[in-house]
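1. Give me the fold of what follows.
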Amino acid sequence: MKIGELAAATGCHLETVRYYEKIGLLPKPPRTGSGYRAYRPSDVARVRFIARGRSLGFSLDEIRSLLRLSESPDLACGDVDALARQHLTEVRLKLTQLQRMEAELMATVERCRGGQRATCAVLQSLGEPDLPTSPAISIHAPMG
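-> This next block holds a predicted model:
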């Protein structure tokens, strides 16, 4: 199948498929005589695996590791379990941080009563230093 068909079958954008190929998550497919990429059903399954991993918040490096583990059927599941448990710990930490951010934003918005920009609670709070109980978090780039 061509790249557009693979993208349609997996729900990924064409550029995302090309990117996965570029970084080595998706092997370079053979080309047809006219130069089109010729993807196989196994490529559909692989892109779906990657997309599902991304939707669960796994990084591309973690997905690369999971792919390697999935391609070694004789390995025990312990490595996969350890990676998934570590990721779950990170997700729980992000949830805690997001809940703190939500509380701080709610308090700030509650203090905002309209009025003049000079007395805007939202703008004033952005100028304040971060609280030690509210560490900054990084949100990963959009998933494709």
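2. quick one: the helices in the chain?
-> 3-10, 14-22, 41-55, 60-70, 78-111, 121-126 (DSSP state H).
3. And the ones you listed: which comes nearest R31?
-> Closest approach to R31 among the helices of the chain is made by helix 3-10 (11.0 Å; C-beta to C-beta). For the C-beta atoms, the positions are set from N, CA and C on the backbone; glycine is no exception.
4. Relative to the whole chain's centre, how far out is the closest one?
-> 20 Å (C-alpha atoms, centre = their mean, to the nearest Å).
5. swap in stretch 95-104?
-> 19 Å.
6. And for stretch 71-85?
-> Distance of stretch 71-85 from the chain centroid (C-alpha atoms, centre = their mean) equals 21 Å.
7. any chance of the helices of the chain in a markdown table, with mean neighbour count, mean pLDDT and distance to P30 too?
-> Listed next are the helices of the chain as a markdown table, based on neighbours: other C-beta atoms under 10 Å; pLDDT from 0 to 100; distance: least, C-beta to C-beta, whole Å:
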| stretch | mean neighbour count | mean pLDDT | distance to P30 |
| --- | --- | --- | --- |
| helix 3-10 | 17 | 96 | 13 |
| helix 14-22 | 17 | 96 | 12 |
| helix 41-55 | 17 | 96 | 11 |
| helix 60-70 | 15 | 91 | 20 |
| helix 78-111 | 12 | 90 | 30 |
| helix 121-126 | 13 | 76 | 53 |
